[in-house]
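**Q** below is the structure, and that's it, no one-letter string:
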């Protein structure tokens, strides 16, 4: 174990992250009744330029008037390269004590996060805001991915990173027609069999980017979250994408349509069998400690410190889901 210990981000249940346009009050009202763990009220891509000022007002009213229960509430501000951003932050953070986090889009360098941190810190101090705002950043450009490790250490407010596959594809000039989907040309051929036939195996064009962001998050104590899957009429495609990320170590995935919320919650919820095994691992550890044994074994397998940490993390997640239910 390294002598360098990394503090983990504020723990939050983050299986599903629902995107809701701030220009649509009806959608915001409906989202308050959803089963999403995290909701971000959007001021950026989902809102036309002429509607951004009204969307800001809509969000302030919604955050203050609607009952959001135990959900983590977040806003996605406009980019730092726009003149909308500072008013997004100032107006909403000053007026909305219910706000938990800010989603910063198209982060390219650590200074982007630093700039928002300075602004939010001054507002919190001026308004004597008791609840500290957390940050989630969108890694959705080649520049952001090139600097992802440095961005991961850019602010103590940082809690999570999301992989924004649509803008990332555009930034990298990737040939993609469905947001978060795959391309048959991104494939490999097997060698010829005895009959001279070859098989085509599709590949995942997002694997490298998702894995690189995942490693940066886990190295520096952040939650890795997968971004959108654009075809909400294709639940099988969504589930496939979500399961790949869950297997790799992601904590959750975006939902751009209410129908995707339960799919995300299902995939990123530990099974009863997983929770039971995790509890048995911790019980075995406790019994070994009481008996003065240094080695711990369960079902014929040695349990190491990594297994114990994973078991603890899984149980904490399961307990958090019970509290949110």
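**A** In hand now; what should we look at? Everything quoted here is computed from the prediction, not taken from an experiment. Numbering: from 1, shown residues only.

**Q** from here on, just use CA atoms for contacts and neighbour counts.
**A** Noted.

**Q** low-confidence stretches in the stretch 201-325 of the chain?
**A** Within the stretch 201-325 of the chain, the stretches with pLDDT under 70 are 294-295, 304-306, 323-325.

**Q** where exactly do the helices run in it?
**A** Under the criterion DSSP state H, counting those that start in this stretch, the stretch 201-325 of the chain contains helices at 207-219, 235-248, 261-267, 272-290, 305-324.

**Q** and these as TSV, adding mean neighbour count and distance to residue 155?
**A** Converted to TSV, these look like this (neighbours: other C-alpha atoms under 10 Å; distance: least, C-alpha to C-alpha, whole Å):
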stretch	mean neighbour count	distance to residue 155
helix 207-219	18	13
helix 235-248	17	25
helix 261-267	20	28
helix 272-290	15	32
helix 305-324	15	23
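
**Q** identify the bridge partners of the residue nearest the centre of the chain.
**A** Taking C-alpha atoms, centre = their mean, the centroid of the chain lies closest to residue 225, which sits 2.4 Å from it. Here residue 225 sits in beta bridges with residue 162, residue 252, going by DSSP bridges.

**Q** show me the contacts for it.
**A** 14, 160, 161, 162, 163, 250, 251, 252, 253, 254 (C-alpha atoms under 8 Å, 6 or more residues apart in numbering).

**Q** could you single out the nearest of those to residue 36?
**A** When the contacts of residue 225 are compared for distance to residue 36 (C-alpha to C-alpha), residue 14 wins out at 8.5 Å.

**Q** report the secondary structure element holding residue 46.
**A** Applying DSSP states H and E as the criterion places residue 46 outside every helix and strand.

**Q** how about it: what's its closest non-neighbour residue?
**A** Distances taken as C-alpha to C-alpha, 6 or more residues apart in numbering place residue 21 nearest to residue 46, at 5.4 Å, with adjacent residues excluded.

**Q** share the number of residues neighbouring the one you found, please.
**A** For residue 21, the tally of surrounding residues (other C-alpha atoms under 10 Å) stands at 23.

**Q** from residue 256, how far off is it?
**A** Computed as C-alpha to C-alpha, to the nearest Å, the residue 21 to residue 256 distance reads 10 Å.

**Q** residue 119 now?
**A** Distance from residue 119 to residue 256, by C-alpha to C-alpha: 29 Å.

**Q** and the two? Which one has more around it.
**A** Between residue 119 and residue 256, counted using other C-alpha under 10 Å, the more crowded position is residue 256 (19 against 14).

**Q** so what's that one closest to, chain neighbours aside?
**A** Closest to residue 256 by C-alpha to C-alpha, 6+ apart is residue 19, at 5.3 Å.

**Q** which residues touch the helix or strand containing that neighbour?
**A** Under the criterion of DSSP H and E, residue 19 resides in strand 16-21. Contact partners of strand 16-21, identified using C-alpha under 8 Å, 6+ apart, comprise 27-28, 31, 36-43, 46-47, 55, 252-258, 261, 264-265.

**Q** which two from the contacts of residue 225 end up farthest apart in space?
**A** Top of the distance list for those (C-alpha to C-alpha): 14 and 163, 14.2 Å.

**Q** about what we covered before: if you rank the contacts of residue 225 by neighbours, which is first?
**A** Ranking these using other C-alpha under 10 Å puts residue 253 first, with 32 neighbours.

**Q** now that residue: how far from residue 182?
**A** Taken as C-alpha to C-alpha, the span from residue 253 to residue 182 is 17 Å.

**Q** going by residue numbers, what spans are strands in the stretch 101-250 of the chain?
**A** For the stretch 101-250 of the chain, applying DSSP state E, counting those that start in this stretch gives strands covering 101-104, 134-139, 158-163, 187-189, 200-202, 223-226.

**Q** which helices and strands does the second one pack with?
**A** Contact analysis of strand 134-139 by 3 or more C-alpha pairs under 8 Å, 6 or more residues apart in numbering; DSSP states H and E lists strand 101-104, strand 158-163 as its packing neighbours.

**Q** what lies in contact with the shortest one?
**A** If I follow you right, that is strand 101-104. With C-alpha under 8 Å, 6+ apart as the criterion, strand 101-104 contacts 40, 72-79, 113, 133-138.

**Q** ok, which pair from those residues is furthest apart?
**A** 72 and 79 (21.6 Å).

**Q** what's the distance between stretch 138-153 and the middle of its chain?
**A** Distance, stretch centre to chain centre, for stretch 138-153: 14 Å (C-alpha atoms, centre = their mean, to the nearest Å).

**Q** for that stretch, give the mean pLDDT please.
**A** Average pLDDT, stretch 138-153: 98.

**Q** ends of it, how far apart?
**A** By C-alpha to C-alpha, one end of stretch 138-153 lies 14 Å from the other end.

**Q** in that stretch, what counts as buried?
**A** By 16 or more other C-alpha atoms under 10 Å, the buried positions in stretch 138-153 come out as 138-149, 151-153.

**Q** can you list the domain ranges for this protein.
**A** Following automatic domain parsing, the chain resolves into domains at 16-188+201-269, 273-324.
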